[in-house]
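> Can you look at this prediction? I've put the sequence above it.
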Amino acid sequence: MIMFGLIDCNNFYASCERVFNPALKKLPVVVLSNNDGCVIARSNEAKQLGIPMGAPAFKFRHIFEQNNIQVFSSNYALYGDMSNRVMTILATFTPEIEIYSIDEAFLKFKGFENNFNLTEYGNLIRYTVTRNTGIPISVGIAPTKALAKVANKVAKKFPDRTRHVYIIDTDDKRIKALKWLKIEDVWGIGYRYAKRLMAMNINNAYQFSKLSQEWVKKHMSVVGLRLHKELNGESCLDLEDIAPKKNIATTRSFDVDYIDYEKIKERVITFAVTCAEKLRKQKSCCNRILIFIHTNGFRENEPQYSKNIVLQLPYATNSGIELAKFAVIGLEKIFIKGFRYKKAGVLVMDFTPESSLQVNLFENTNPRHKPLMDAVDKINRQLGVKKLKLASQDQGRTWKMRQEKLSPRYTTNINEIITINCDYVFSLQTEQRRPNTSEPF
DNA sequence: TCTGGGGTCCTAGGACCC
DNA sequence: TCTGGGGTCCTAGGACCC
């Protein structure tokens, strides 16, 4: 039988911070979003202290201090590099792998059943990744992707019994796991569906799996139906190829409110230029661009304004100069003076491959932009930072992202590489194990 | 004072075409 | 006075993921 594995890095961003700073090992750690806005990753210790996902940092500041919680700004240079290392190792365990997110991958085990004990294999995967990267992972293995997700939850929740590796390979184990899994924790059941299902007294994954296919199809579309079948052991979801993106977005909240049109214009131009870079990276051109701006929705007493506009471009392009021009045209149409703007963004959509650009007799992208953009990319790549900008972009970088607690880019910048203090002794990172009284596994 | 930033897919309904 | 049937494309909105 074909089996799927789901490998998930435990508390990934928090674990990355610990790898190069072992002093953090037993301490609660949280990582904040861009602008140091809210909590997006927590170590187990921080979870136990009751720090919820998405907690606004400013509201929890005193709790951080009281409990000696170690707080970090997002360090995507570090997390991206650590992710690559983990994925590279995982790819040595099977020819078929799908990188599902920065900290998760599905592995497909086809033809393994006669040659491998998959539980032992899972243990080997976990051991190897942790030894070679310092990142602890959990491994779930099952006959479908959705069940592999379930198995992974079990592995993560019951480390004492599972040693972070769990396999669902019998119907008994499947049913037991589904009965244990709360409906809101099922992959594909979000907040809204969970609420509706609980109103019908469907409280766990097993009860959901017993609903009729007709009901599920009618109320949750074919997506819900696929999930339903997968939980019942029928594999509907195969590994997916890394497809080129269909949309690319660059959006940011500002550190303070912006009132001035010129300032917002500069940000929007920069977002458009960044989108153009991302487009060139995947060798696409876009045919439409969306620009949005909005005020701070959390300030309920202040006047609110939120607007977006989609422009159909006269020709497909991935030139930063062109996209910046169109972005400004869009912004002019939606900007209203007098509001306090908190966020803006640029989305590019409707892609054409760079290689198959249609020749438009009258209107087309300036042919000189292509070599120009290539040169810009090359220089920026070589210098490692954005040295080349449009004149309309902020030269002095007067704007800034709040990043007060940024750790070094240990693995991607030679100037920030770790220096070893002999007082530290590196050892394999193991998660704190705690007794659990109510565990069924 | 301070509340992230990306993505995907599906469906319904309207415009428009023959 | 009668007023089809089928198709495509587009958009908005709703759901979800990490």
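Perfect, I can see it now. Numbering: from 1, shown residues only, chains lettered A, B, ... in the order given.
> Convert the biggest helix by length in chain A to PDB, retaining C-alpha atoms only.
Ranked by number of residues, the top helix in chain A under DSSP state H is helix A:261-281. What follows is helix A:261-281, C-alpha atoms only, in PDB (Å, rounded to 0.1, in the frame of the first residue of the first chain):
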ATOM      1  CA  TYR A 261       0.100  60.900  -0.500                       C
ATOM      2  CA  GLU A 262       3.800  61.100  -1.400                       C
ATOM      3  CA  LYS A 263       4.800  58.700   1.300                       C
ATOM      4  CA  ILE A 264       2.200  56.100   0.400                       C
ATOM      5  CA  LYS A 265       3.100  56.500  -3.200                       C
ATOM      6  CA  GLU A 266       6.700  55.700  -2.400                       C
ATOM      7  CA  ARG A 267       5.700  52.600  -0.600                       C
ATOM      8  CA  VAL A 268       3.400  51.400  -3.400                       C
ATOM      9  CA  ILE A 269       6.200  52.000  -5.900                       C
ATOM     10  CA  THR A 270       8.500  49.900  -3.900                       C
ATOM     11  CA  PHE A 271       5.900  47.100  -3.500                       C
ATOM     12  CA  ALA A 272       5.400  47.100  -7.300                       C
ATOM     13  CA  VAL A 273       9.200  46.900  -7.900                       C
ATOM     14  CA  THR A 274       9.300  44.000  -5.400                       C
ATOM     15  CA  CYS A 275       6.500  42.200  -7.200                       C
ATOM     16  CA  ALA A 276       8.300  42.700 -10.500                       C
ATOM     17  CA  GLU A 277      11.400  41.100  -9.000                       C
ATOM     18  CA  LYS A 278       9.400  38.100  -7.800                       C
ATOM     19  CA  LEU A 279       7.800  37.800 -11.300                       C
ATOM     20  CA  ARG A 280      11.200  37.800 -13.000                       C
ATOM     21  CA  LYS A 281      12.400  35.100 -10.600                       C
END
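> Counting neighbours, which bits of that helix end up buried?
A:264-277, A:279-280 (16 or more other C-beta atoms under 10 Å). Quick note: C-beta positions are derived from backbone N, CA and C, even for glycine.
> Which elements pack onto that helix?
Here helix A:261-281 is seen to pack against strand A:247-258, strand A:284-295, helix A:320-334, strand A:341-353, helix A:369-383 when contacts are counted using 3 or more C-beta pairs under 8 Å, 6 or more residues apart in numbering; DSSP states H and E.
> That helix near DNA strand B anywhere?
Yes: among the residues of helix A:261-281, A:Lys278 lie within reach of DNA strand B under C-beta under 7 Å from any atom of the strand.
> Off-centre distance for that helix?
A distance of 21 Å separates the centroid of the chain from that of helix A:261-281, by C-alpha atoms, centre = their mean, to the nearest Å.
> about what we covered before: can you lay out the helices and strands packed on helix A:261-281 as TSV showing mean pLDDT, distance to A:Ala142 and mean neighbour count?
Below are the helices and strands packed on helix A:261-281 laid out as TSV (pLDDT from 0 to 100; distance: least, C-beta to C-beta, whole Å; neighbours: other C-beta atoms under 10 Å):
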stretch	mean pLDDT	distance to A:Ala142	mean neighbour count
strand A:247-258	94	31	16
strand A:284-295	93	36	21
helix A:320-334	94	44	20
strand A:341-353	93	35	20
helix A:369-383	83	41	14
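> closest one to DNA strand B among those?
Proximity to DNA strand B, assessed across those by C-beta to the nearest atom of the strand, is greatest for strand A:247-258 (3.2 Å).
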